[in-house]
Structure formats: C-alpha cells, structure tokens
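Peer 1: Make a model of this:
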Amino acid sequence: MSNEWEVGSAAQYGLFSVAFLFGARALYNFYNNPEPDAYDYIPWSDSLPDDDTVVVDCTHSSLPTLSHHRGHNNPAGLKQADTSTGIVLNALHSRAQWNGNVAAVTHKRLVTTNHFDIDSFLSVWCYINRKSALQHEAVLHHMARIGDYREAFLSPDLITAYGLNDSITFIREAYIALKLCCWINTLEKRMFSAPYESSDCATKMTWFLEHFEHVLKNPESEWAVWEEDFKKVVSGFDLLAGPDCMVETLPAQGLAVLSAPEPLHYYSLFSHTIGYDYVLMMYDDNRYELEAKYTQFTIVVSRPVWPRLDFAPLAAVLNNLEQQQPQQQQQGADADPQEELHWVTNSFTDTGPLLRLQRVGEVLTKAQRYGNPCDRPIYGSSISPSKMQAVVQSFLEFGLQGLRPEPGGWEWRQLQEINRQIHWQDWASCLLEQALHGDLDAITAAIATPRAAVRRRSNPGGAFGTSSSSGGGDGAPASEQQIQLAGLSFGKGSTGFSSPVNLQMPGVPLAATGSPPVLSQPSIVASQGALAALAASLPPLHRGNPWLLIYSTSRDGISLATLLRKAEKVAPTLLLVKDTGGAVFGAYVTDAWRHSTRFYGTGESYVFQLQPQ
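Peer 2: Numbering: from 1, shown residues only. Down below sits the predicted model:
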C-alpha cells in the first residue's frame, strides 16, 4: 500500500510540475508581450510604425510578417500553410503557447498588407477578429485557397483527397467558402475599381472588414449577390465532368489538359487541376491558353511543386508553326481575318504567366489578364488541338528532364539558373524540323481521337499519386523496368534531348540504313548492321553521336544494383538484351534509371527487336 501511494504521489507531482512550467511560460509571454485591447487595420505606406505593426500576405524589409510569400519574416517555429490566411490562423493557435516569437508578433496592435485580394483580406480580418476566425477556421482556410489558387473542393472525391489541407471535412463547408468568395468578387466589381487594381485597396479593405462577419455567419442573407457567380462556377465544374469535355492529367510534367466548348470561370477550370502546376486550356475553334499556376509563385507546403519554365521559347516555336499555315489562322470567334495574331507570354516571374494568341499591339489590362478566361478575348489558331498538346508536352518534357517537384517549391535564383541552362534551341530545331517534313502532323493525326473516347476524370492523387494520363506512352511499370539488364548512353555531346513526339510507330521495321555508331567498346550483343538500323531510328539530335557503354553483364557482372548505380544520372540510354535463344531486343529510355514504386518515363521511350527480324 505504501509503495502504491509513493508512486501515485510522484506522478501527481510530475503533472503539477509540467502544468506549473507551462503556466509560467504563458505568463512570461503575456507580460513581455502584453496583448492589446483591440486590433486595427492600417493602410500600407512607407512609414509604418516599426514597433506595433505586422505585415500579412506580402513581404517587408524589416517588419515581422505572417505570409506565404518568399522572403517573408515569419516568426521562427510557426507552422506554415499554403495560404497567408492559414498561417495567420496557425499563429492564433500558437500565440499563447511555448513559442515566444509567435506571441511577440501576434500581440502587435496593427496589421497591414500592400494589396487587396481574398487571401490578403482574410489574413487581415482573421488577425483582427480572432475569436470568430477560429470558430469558422475551415471555411476561411478554404476561401483563401479558392481566392489564391482558384481550387475549390466541389466533389466528395476532392474532399476526401485534399480536405485535410484546409481542415475541411464536409462538402457543405467547401460550398459555403465558394459562396463567400463569389460574394466578395461580385461586390468588388460592382462597387470598386477592377480587381487587382491598386488605386483603392485601402477603401476595399475597410469596407469588407466592416461587412464580412455578418455574411460569414449567414451566407444565405446575401444570396442575391453571390448567386449568379456561384451558379456559373458550379455549372462549369459539372460541365467539365461531362461527356462533351475532357480533363486529362499528365503527372510526369505536372500538366493538366482541359478541353471545353467555351471558356469557363477560373474556379470551374482549376478545381479540376488540384495537384498540378501547368494548365493547358483548349476550347472549340482551336482556341488555347497555357498557364503556370500561382502554386509556383508562393510557398506551398501541402505538396511538392514543379519548377516554373519560361514560356518565351514555346511562344517562338508556336509563332513559327502558325506561319507555316497562315491561311488557316484567325478562325476563332473573336478574330478578325484582317488582323495579325501572334503568341505572347508574360515574364516567368509573373504571378501566373499566361501563354496566349493575341493581336499585334493588343495589351490586356491587369483585370483581364488575371480575370476569368470567359471575360477576355481568346483567338483561334491554325494549330490543331492534338498538335498543340503534343508541342506543349514536348516543351515541358524537355525543360523538366532530370528535375523533380520539390516540397515548398523553388527559390527564384534556382528558377533563373534552371531556365538559363536549358538548351531551348536544340528542342526548337528538332521540333520545327519534324514539322517541316510532316512528321509532326502524321503523329498528331495518328493519336487524335474523339473527345468522348479519351475522357479522363481529375485524379485526386494529383501529380504525385496514381496516374490517370494517357496509357502506353508514359513508361513501363516499375516491375518491368527492374528486370532490364544492360544499357548504352550517348556521348558527352548529347544534351539529354527527348524527341518531341513518338516517331517509332508500333510494328514498323527498322530500316537498315545509315552508318554504324561509334562505340566506346565493341558490342557482343548486336551486329554492326543491327546497330546501324537502330542508330537511324533515334531522335534526330542523337544520330551520329558516339555511344558510351555504361553497363555490361560480361564486364560488370549480373547485378541490378550495379546497373542502377551506373545509370542513375544518365539519360537518354539504350538497353540491349540478348536472350539464350539468340533474340536481340531492347528499349530507348528517355529518363535516368532509378528505383520507383510506380512507372516513370515519357511518351518518347520505345521498345524494339533486332533479332529475329
């Protein structure tokens, strides 16, 4: 009995000590960072009070921040989020806990931001209205995502796959968030300057700060305001899930391809692209836009993000392709046959670079550029949909080869260096050569099928889960990749270029033309004639390059680990295999070899048989 009493007393004493220390720390934080009676919004200026101001949803050279933008001054130890609103809410949760850095920031009386949009407004509102913000946390989280990334969880599958990122558990919460976003958007257009204009940001902020809480608590009271925009979003989202449209996801490039008869609301479109960073939008009459999403501009912590590529080389190639068929150009509903059109794009450091066909001399306003596609002119091209998609995929495959998506995204200095090192001229020369000789037309015509036959739903797994992209061309399953035994790499003169489209059609014999390649060591697997035929089938840029033997069972032993180690950073490669029956076969592989639990590679990989013919 005595021992039991002693153990119980020790446990009680330990719990009391922990509680005492926790309370002492909270009191220390409180008295060293006293909480003001109220919090206020202060308009952005060059002379903000240094000792009592926190900056949200942007950066500042000296003041503390609560922001998802690169270069922030967020307090150390603060849990990050995809949006600035999420970061503010995380700060409110931790302000009275052990992190004195967070407490020091959240006890500042004044809050400001340098722009007005949904995420910046909600960041300010949550900072000021703390109790109500924590009561409606899930809806506010999701509102910020919809406003910044244009991604709404409008189906049960999306709630299941992504809801936890915004603390969303019921689809009703996602629809409330959408209604409130539509309310803000509608009144901003109706009462103030165009969205994304900076002339009256402080006026917008002050008005919405005064009126938002009432609508948050009772969204249906403002039904007449948000109803039209809300219906447009939901009907567009449902339309994309129907038989007349297409949603195709290509995880290997972080690309989502959306096809619809007419341009739609951004929320309708991008809600089908969650988990992807590039969106190709294709409409009837050969109207297209390619956009790099805002996910590449901010710090996204819920998933890895692909690096952003400069669209300027792609615009140059598309303009060249348009010039090859000028008589077919300008067929869109918004086009004037007498006016010249050309492909243009924004700087890749823009918040969301947009590649589009535009009249010479035409300049979109900021409101048009960041507004919905259905609210700006989109012109028809001479390029067919299948060719447009092939060219965009080729562009991304070439630019992203050897790269992977990174958690938190990429710093601007990294993106500058990545884009500087890409040999775009090699890609452009090869693609335009194929187009000139009709190869590009032949391949895109062969892969073109009716929309209903290629219908694919958005994949909740995103670019990092199970693929729902086109079959056959995205590489072999990992289990098949792991039984291949030998490889040849192209010499140092190679730039690692992948052919823009798959030129090796199934069942077509290799022509025995051309000269045998220069080998670093003689092949014991294939004859000179077979190697000459194989060399002639390679992408144009690799024809004539020397072949470097990187692995051979006769030299290196039969070891899959050795093969993967020697080939892990080499691309492209040729695999040559000779079985005990004398058959010689293999594969052209565009990606570096690696262990993987799922397939990888691109549509330019192909298999071949040299013996028997």
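
Peer 1: Next one: Leu354 from Arg376, what distance?
Peer 2: 10 Å (CB to CB, to the nearest Å). (C-beta placed from N, C-alpha, C; glycine too.)

Peer 1: which residues are common contacts for the two?
Peer 2: Arg369 (CB atoms under 8 Å, 6 or more residues apart in numbering).

Peer 1: For the stretch 101-250 of the chain, give me the ranges with low pLDDT.
Peer 2: Judged against pLDDT under 70, the stretch 101-250 of the chain has no low-scoring part.

Peer 1: where along it do the strands fall?
Peer 2: With DSSP state E, counting those that start in this stretch applied, the stretch 101-250 of the chain shows strands at 110-112, 246-250, listed in chain order.

Peer 1: ok, now the stretch 351-500 of the chain?
Peer 2: Along the stretch 351-500 of the chain, counting by DSSP E, counting those that start in this stretch, strands occupy 354-359, 406-407, 487-490.

Peer 1: Show me what the following helix or strand past the last one is packed up against.
Peer 2: Secondary structure here is assigned by DSSP states H and E; on that basis, the next helix or strand after strand 487-490 toward the C-terminus is helix 528-536. Counting contacts by 3 or more CB pairs under 8 Å, 6 or more residues apart in numbering; DSSP states H and E, helix 528-536 packs against strand 606-611.

Peer 1: Now do the strand it packs on and helix 528-536, the angle between them.
Peer 2: 160 degrees (axes from the mean of the first three to the mean of the last three CA atoms, to 10 degrees).

Peer 1: what residues does strand 606-611 touch?
Peer 2: Under CB under 8 Å, 6+ apart, the answer for strand 606-611 is 502, 504, 510, 526, 530, 533-534, 537, 578, 582-588.

Peer 1: Now for the residue nearest to Met205 when sequence neighbours are not counted: which residues touch it?
Peer 2: In this structure, Met205 finds its nearest non-sequential neighbour in Phe116, 5.6 Å apart by CB to CB, 6 or more residues apart in numbering. Residues near Phe116 by CB under 8 Å, 6+ apart: Glu188, Cys201, Lys204, Met205.

Peer 1: now these as CSV including distance to Asp82?
Peer 2: Output for the contacts of Phe116, formatted as CSV (distance: CB to CB, whole Å):
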residue, distance to Asp82
Glu188, 23
Cys201, 23
Lys204, 23
Met205, 22
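
Peer 1: Arg303: which of those is nearest?
Peer 2: Glu188 (29.4 Å; CB to CB).

Peer 1: The closest one reaches Cys201, doesn't it?
Peer 2: No: counting by CB atoms under 8 Å, Glu188 sits too far from Cys201 to count as a contact (10.7 Å).

Peer 1: quick one: Arg413 from Gln421, how far?
Peer 2: Counting by CB to CB, the gap from Arg413 to Gln421 is 13 Å.

Peer 1: just Gln401 next, same as before
Peer 2: Separation of Gln401 from Gln421 (CB to CB): 11 Å.

Peer 1: Show me the shaky parts of this protein.
Peer 2: 1-34, 95-99, 325-339, 441-514, 540-542, 597-599, 602-603, 613.

Peer 1: now with 50?
Peer 2: Within the chain, the stretches with pLDDT under 50 are 1-5, 7, 30-31, 327-333, 335, 338, 447, 449-507.

Peer 1: So which residue is dead centre in it?
Peer 2: Asp277 (1.3 Å; CA atoms, centre = their mean).

Peer 1: who touches that residue in this structure?
Peer 2: Gly254, Ala292, Lys293, Thr295, Gln296, Val305, Trp306, Arg308, Pro405, Ala463.

Peer 1: unless I'm mixing things up, Asp52 is touching Lys108, no?
Peer 2: Yes: under the criterion of CB under 8 Å, Asp52 makes contact with Lys108 at 5.3 Å.

Peer 1: neighbour count winner among these two?
Peer 2: Applying other CB atoms under 10 Å to Asp52 and Lys108 shows that Lys108 carries more neighbours, namely 20 against 14.

Peer 1: list the contacts for that one?
Peer 2: Lys108 neighbours (CB under 8 Å, 6+ apart): Asp52, Thr53, Val54, Pro64.

Peer 1: any chance of these in TSV, with distance to Ser155 and secondary structure too?
Peer 2: Converted to TSV, the contacts of Lys108 look like this (distance: CB to CB, whole Å; DSSP: H, G, I helix; E, B strand; the rest coil):
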residue	distance to Ser155	secondary structure
Asp52	45	coil
Thr53	41	strand
Val54	37	strand
Pro64	39	coil
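
Peer 1: which one of those residues is nearest Pro243?
Peer 2: Using CB to CB, the contacts of Lys108 come closest to Pro243 at Val54, 50.5 Å.

Peer 1: wait, what's in contact with that closest one?
Peer 2: Contacts of Val54 by CB under 8 Å, 6+ apart are Leu63, Pro64, Thr65, Leu66, Val105, Thr106, Lys108, Leu110, Val111, Thr112, Tyr127.

Peer 1: Next, count neighbours for the fourth one.
Peer 2: Counted with other CB under 10 Å, the burial measure for Leu66 works out to 31 neighbours.

Peer 1: how much space between it and Phe208?
Peer 2: Leu66 is 19 Å from Phe208, by CB to CB.

Peer 1: and the contacts of Val54, which are buried?
Peer 2: Leu63, Pro64, Thr65, Leu66, Val105, Thr106, Lys108, Leu110, Val111, Thr112, Tyr127 (16 or more other CB atoms under 10 Å).

Peer 1: which residues does the last one contact?
Peer 2: Contacts of Tyr127 were listed using CB under 8 Å, 6+ apart, and they are Tyr39, Val54, Val56, Leu66, Val88, Leu92, Thr106, Val111.
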